[in-house]
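Colleague: Mind folding the following:
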Amino acid sequence: MIEDPLERLTAEERLLLSLCRIDFNSEQKKEVRKHAGEIRDWDSFVRMANEHGIIAMTWFNLIETGCG
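Modeller: Just a heads-up that it's a prediction; the model follows:
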């Protein structure tokens, strides 16, 4: 059985990856909302977004997908 590498990511990492786009279709927005609901450590998520230099895009896309 082949393991999906995304299964090894934390909820914070999955959300961060799902926010790294310019446009979102309805399915992608749904996926972002699902991942956002799984976050338990928002401080870690914000720190990770900041360390990768994408905190502004992350915040903008959270708002655009209905999470902010």
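Colleague: From now on I want contacts and neighbour counts done on CA atoms only, so please keep to that.
Modeller: OK.
Colleague: residues contacting Leu16?
Modeller: Leu16 sits next to Phe45, Ala49, Thr58 when contact means C-alpha atoms under 8 Å, 6 or more residues apart in numbering.
Colleague: For the residue most central in space within the chain, which non-adjacent residue is spatially closest?
Modeller: Closest residue to the average C-alpha location of the chain: Leu15 at 1.9 Å, with C-alpha atoms, centre = their mean. Among residues not flanking Leu15 along the chain, His35 sits closest, at 5.2 Å (C-alpha to C-alpha, 6 or more residues apart in numbering).
Colleague: chain center to whichever strand or helix holds the one you found: distance?
Modeller: Element membership for His35 (DSSP states H and E) is helix 26-37. Distance, stretch centre to chain centre, for helix 26-37: 8 Å (C-alpha atoms, centre = their mean, to the nearest Å).
Colleague: what's the answer for stretch 36-53, then?
Modeller: Distance, centroid of stretch 36-53 to centroid of chain: 8 Å (C-alpha atoms, centre = their mean).
Colleague: what do you get for stretch 48-66?
Modeller: 8 Å.
Colleague: likewise stretch 11-25?
Modeller: Counting by C-alpha atoms, centre = their mean, stretch 11-25 is centred 4 Å from the centre of its parent chain.
Colleague: repeat for stretch 8-28
Modeller: Stretch 8-28 sits 4 Å away from the centroid of its parent chain (C-alpha atoms, centre = their mean).
Colleague: buried ones in it?
Modeller: Using 16 or more other C-alpha atoms under 10 Å as the test for burial, stretch 8-28 gives Ala11, Glu12, Glu13, Arg14, Leu15, Leu16, Ser18, Leu19, Phe24.
Colleague: which ones are touching the fourth one?
Modeller: Same thing as Arg14. Applying C-alpha under 8 Å, 6+ apart, the residues contacting Arg14 are Leu6, His35.
Colleague: can you offset everything so residue one is 109?
Modeller: Sounds good: first residue 109 from here, last item Arg122.
Colleague: Secondary structure element for it, which one?
Modeller: Arg122 belongs to helix 119-126 when assigned by DSSP H and E.
Colleague: Just the CA atoms of that helix, as CSV, please.
Modeller: The C-alpha atoms that make up helix 119-126 are tabulated as CSV, following Å, rounded to 0.1, in the frame of the first residue of the first chain:
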residue,chain,number,x,y,z
ALA,A,119,-3.0,20.2,10.4
GLU,A,120,-1.0,23.5,10.4
GLU,A,121,1.1,22.4,7.5
ARG,A,122,-1.9,21.1,5.5
LEU,A,123,-3.7,24.5,5.9
LEU,A,124,-0.6,26.5,5.0
LEU,A,125,-0.2,24.4,1.8
SER,A,126,-3.8,24.7,0.9
